[in-house]
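# mind looking at a prediction? Sequence and model below.
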Amino acid sequence: MSQSKQLPRLAITLGDPSGIGPEVVLKALADPTLHQHCDLTVIGSDRILQQTYKQLQNQGFYSSNPHQFTVINLEPDPTLPPLQMGVGNLTSGAISFQYLDTAITRTLQGEFDGIITGPIAKNLWNLAGYNYPGQTEFLAEKAKVKRFGMLFVARSPYTGWTLRTLLATTHIPLSQVSSTLTPELMSLKLELLVDCLRHEFGLENPRIAVAGLNPHSGEEGQLGTEEKQWLIPWLNQQRDRYPYIQLDGPIPPDTMWVKPGQAWFNLGKNAHDGYLALYHDQGLIPVKLMAFDRAVNTTIGLPFIRTSPDHGTAFDIAGKGIADASSMKAAIDFGIELVNNRIKN
């Protein structure tokens, strides 16, 4: 925390500079109230920020002037191909990796309390020689943690209800999900979710829903055997392990999202505090259907807070001034909230 103002200190990376990252950062930082609640530092390129700012001005869009906040300036290697707005390449992949690497290093050194990451292109990281499935895995490796997870958070603009969805498996082919899921992995993810709900959201006695894997949660083994063989026995063991939480499941995947949808749109109040989805699309299709423009990806299990907008680089609209900054703004807001909650709880 900032000693002078007692405010959370947040680093914001631009993500891939050829995408919409610079635009949504400048638009999000145009909110003057943000600077009253945190100390912000952008890790990126002065030149790109200034170019983006002037372009937005010329297009008639409102954004923050880069001179109004602190920038840690990092420029691409001049021997690499030049950057081009809307077209990612090896250079944009390499510099976006350096933005994040710098943010993590300086956060671990105590300079920041949390990181807000702009969107990157995983294939361009690979092209630049950085072979990670995504930013989450690099954050965990650099922070030297083995227990981590991808939690997606969104607050309904209609009711104020908060959706929290943790993925048990993340960036793997669908054909590998069943063999990757084990009681040990599920125990690790559930422990992460329980700890996060307690320490970062202040929920001591949460209600958690766990999805089934198969249609109708296997229907007594007729549509798949994973639930009957190990998921239901595992859930019973976890209920004994966590007597202070309500643990429901395995809930059929096609009906688990009905109550969250009702809570999101002001039709009901019986939704759970947290949802444990077993694979990527099972959790993220409903999240993006309800909250595409305001969902936030937060990596739990790290020694610091990390949030990110839940969208990609959108190279196709980069430079046009039409990118929606709502998710970036939400990522910053949740970053502030989670830093404060972690300290308090």
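Great, that's in hand.

# where in this protein is pLDDT low?
Flagging of the chain using pLDDT under 70 yields the residue ranges 1-5.

# can you give me the strands in it?
9-13, 39-44, 70-73, 114-116, 149-155, 162-167, 207-211, 246-251, 274-277, 296-300, 305-309 (DSSP state E).

# which of these sits closest to Met85?
Closest approach to Met85 among the strands of the chain (Cβ to Cβ): strand 39-44, 14.2 Å. Where you see a C-beta, it was placed from the backbone N, CA and C, and this is true even at glycine.

# sheet-wise, list the partners of the closest one with their directions.
strand 9-13 (parallel), strand 70-73 (parallel) (DSSP bridges).

# chain center to the shortest one: distance?
In other words, strand 70-73. Taking Cα atoms, centre = their mean, to the nearest Å, one finds the center of strand 70-73 at 23 Å from the center of the full chain.

# show me where the stretch 151-300 of the chain has helices.
177-180, 183-199, 226, 232-241, 258-264, 280-291 (DSSP state H, counting those that start in this stretch).

# give me the buried positions along the first one.
Counting neighbours by 16 or more other Cβ atoms under 10 Å, one finds that the buried residues in helix 177-180 are Val177.

# repeat for the longest one
Neighbour-count burial for helix 183-199, with 16+ other Cβ under 10 Å as criterion, is recorded at Met186, Leu188, Lys189, Leu190, Glu191, Leu192, Leu193, Val194, Cys196, Leu197, Arg198, His199.

# which strands or helices does it pack on?
In terms of contacts (3 or more Cβ pairs under 8 Å, 6 or more residues apart in numbering; DSSP states H and E), helix 183-199 is packed against strand 149-155, strand 162-167, strand 207-211, helix 232-241, strand 274-277, strand 296-300.

# what sits against the closest residue to Thr70 other than its chain neighbours?
Distances taken as Cβ to Cβ, 6 or more residues apart in numbering place Thr41 nearest to Thr70, at 4.5 Å, with adjacent residues excluded. Applying Cβ atoms under 8 Å, 6 or more residues apart in numbering, we find Thr41 in contact with Arg9, Leu10, Ala11, Ile12, Phe69, Thr70, Val71, Ile72, Phe112.

# measure the third one to Gln59 for me?
Put plainly, it is Ala11. Here Ala11 is placed at a distance of 28 Å from Gln59 (Cβ to Cβ, to the nearest Å).

# quick one: which of those two has more around it?
Ala11 (28 against 12; other Cβ atoms under 10 Å).
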